[in-house]
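# Starting from these lines, generate the structure:
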Amino acid sequence: MKKLILVVGILTQSFLGFSQFSGVKIIKSQPVCKHDVCTYKQKVVSLTHDDNYIYGLKTYPNELIYIYNPKTLKIIDSLKINLPNNKIDVMYKHARGLTYDGKHLWVAYTDKEKIYKIDKHTGKVLGSIPGPPLPKNEYRRYDGIDFDGKYFWLIMSGDDNVELFKLKKSGKVLGKKKIDSTFSLGMHYNNKYIWTCIHDMFGKKERGIYIKKYSIPDLKFVESYEMRPYLEEGLPNGITIFRNKMYIVTIPTMNISIVKLVKE
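From the prediction side, this is the model:
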């Protein structure tokens, strides 16, 4: 009887596509701040990189960009950025997206519906372009941005709705598509794919916390990796891939980590 149950279980898992567990293994982890214990006001909400360093955006209660050594994950410097104050001090309206275009850093700022151009050496705001307009009277925010060498890709999420926007460098919206998920935090573009941290805690299809991969431009789902270690490490809040290594930041543990995607 036990053998029959085991065989049925294996057949069921294979039929449903669950014959392998896809997950995330933490390789190295450090606090996002300079202390062993970081406070909630020191959380990092987005990651990007240039040819040498990892950059992390901290936006509450004021804006800093931490600069990390990609091997040790230690902070080697920080940039103070003077973004305009929120109209209303609501956390989800703070800046929540960071990318690098090969010369400058860019920060997506929900409250102002703008994307700000930042000098990566001084933190000085050099200008801005319009971001996608947010629907009125809805809980919606920018939750990640990246640059593919020609265009910006920006995620807007909230109210169980995730949309990916394609933008010119002028800010003009070239198109948008929905991602089949309830909530997203962070995004990375890599070789015609996007990676994003998906929170489907209340989803009907696949409840849980995942790192998911989608193809561009059709936004077809490719694969997902469950954040099984999130109970100890925290929830993924930002993501970037640098020299074939994936980096994430997590809350409420306030850690930056190098992770490996595994299938067992």
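
# any low-confidence regions in the stretch 1-150 of the chain?
Applying pLDDT under 70 to the stretch 1-150 of the chain flags residues 1-21, 61, 86-92.

# how about the strands in it?
Using DSSP state E, counting those that start in this stretch, the strands of the stretch 1-150 of the chain run over residues 22-31, 46-49, 54-58, 64-68, 75-80, 95-100, 105-109, 114-118, 125-130, 141-147.

# List the strands paired with the second one, with their directions.
Using DSSP bridges, strand 46-49 pairs in its sheet with strand 54-58 (antiparallel).

# Verify the stated contact: Cys38 with Ile256.
No: using CB atoms under 8 Å, Cys38 is not in contact with Ile256; the gap is 10.1 Å. Quick note: C-beta positions are derived from backbone N, CA and C, even for glycine.

# between those two, what contacts are shared?
Listed contacts common to Cys38 and Ile256 are Pro31, Val32; contacts here mean CB atoms under 8 Å, 6 or more residues apart in numbering.

# who's more crowded, those two?
Ile256 (24 against 19; other CB atoms under 10 Å).

# OK, contacts around the more buried one?
29-32, 44, 47, 54, 56, 68, 73, 247-249.

# pLDDT at it, what is it?
Ile256 carries a pLDDT value of 94.

# For beta bridges, what are the partners of it?
Beta-bridge partners of Ile256, as defined by DSSP bridges: Gln30, Val249.

# now for the strands of the stretch 1-150 of the chain, which one comes closest to Lys177?
When those are compared by CB to CB, strand 141-147 sits nearest Lys177, at 14.7 Å.

# which other residues reach that closest one?
46, 48, 92-93, 95-102, 106, 108-110, 115, 131-132, 134, 152-158, 184-189, 194, 196, 238-239.

# cool, and stretch 113-123?
50, 55, 65, 79-83, 95, 97, 100, 103-109, 124-134, 145, 152, 154, 167, 171.

# Leaving out sequence neighbours, find the closest residue to the residue nearest the centre of the chain.
The centre of the chain sits closest to Gly186, judged by CA atoms, centre = their mean, with a distance of 1.3 Å. In this structure, Gly186 finds its nearest non-sequential neighbour in Gly238, 3.9 Å apart by CB to CB, 6 or more residues apart in numbering.

# Tell me the bridge partners for the one you found.
With DSSP bridges as the rule, Gly238 is bridged to Val249.
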